[in-house]
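Sequence and predicted structure below; questions after.
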Amino acid sequence: MRVRVYMPAFADHSRIEDGWVSMQDGSTLDDLLRHLRVPFRFAAVLLCMVNYEKVPLTTILHEGDTVSFLSLMAGG
């Protein structure tokens, strides 16, 4: 299955291909964060959304889901 990921600056960008990440069916948000090597997984989840809704780490991802991160370091 493939999920769309809008990557945070602190993740491993080498694991994403044109904005998509391939995962096994039944993978959870926590599995994705581990796959992306996102440090401080439990702190990062406070800033992570699936399909633009805040969800728990145990949320099962589905084909075409969008996972996005709000970065506290972003500025304007």
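Sure thing, it's come through.

So, low pLDDT: which residues of this protein?
Within the chain, the stretches with pLDDT under 70 are 8-11, 39-46, 71-76.

what about the strands in it?
2-6, 20-22, 48-50, 53-54, 66-69 (DSSP state E).

what about residue 51, neighbour count?
15 (other Cβ atoms under 10 Å). Every C-beta, even on glycine, is put in place using the N, C-alpha and C of the backbone.

brain fart, residue 56
10.

I am assuming it contacts residue 29, so please confirm or correct that.
Yes. Counting by Cβ atoms under 8 Å, residue 29 is a contact partner of residue 56 at 7.5 Å.

Which residues does the most centrally placed residue in the chain form beta bridges with?
Centroid-nearest residue in the chain, with Cα atoms, centre = their mean: residue 67, separated by 4.7 Å. Beta bridges link residue 67 to residue 5, residue 50 when assigned by DSSP bridges.

I'd say it and residue 16 touch.
No. In this structure, residue 67 is not within contact of residue 16 by Cβ under 8 Å, at 10.5 Å.

Mind listing the shared neighbours of those two?
residue 5 (Cβ atoms under 8 Å, 6 or more residues apart in numbering).

Name the nearest residue to residue 26, ignoring sequence neighbours.
residue 60 (6.2 Å; Cβ to Cβ, 6 or more residues apart in numbering).

scratch that, residue 55 is what I was asking about
Take residue 55 and drop its neighbours on the chain: the residue closest to it by Cβ to Cβ, 6+ apart is residue 29, 6.5 Å away.

ok, that neighbour to residue 20 distance?
Using Cβ to Cβ, to the nearest Å, one gets 16 Å for the distance from residue 29 to residue 20.

Compare these two and say which one has the larger neighbour count.
Higher neighbour count among residue 29 and residue 20: residue 29, with 22 against 12, using other Cβ under 10 Å.

how close does residue 15 get to residue 52?
Counting by Cβ to Cβ, the gap from residue 15 to residue 52 is 22 Å.

what's the neighbour count on the residue nearest to residue 26?
Going by other Cβ under 10 Å, the residues that sit close to residue 60 add up to 13.

what does residue 32 give?
That count, for residue 32 with other Cβ under 10 Å as the rule, works out to 23.
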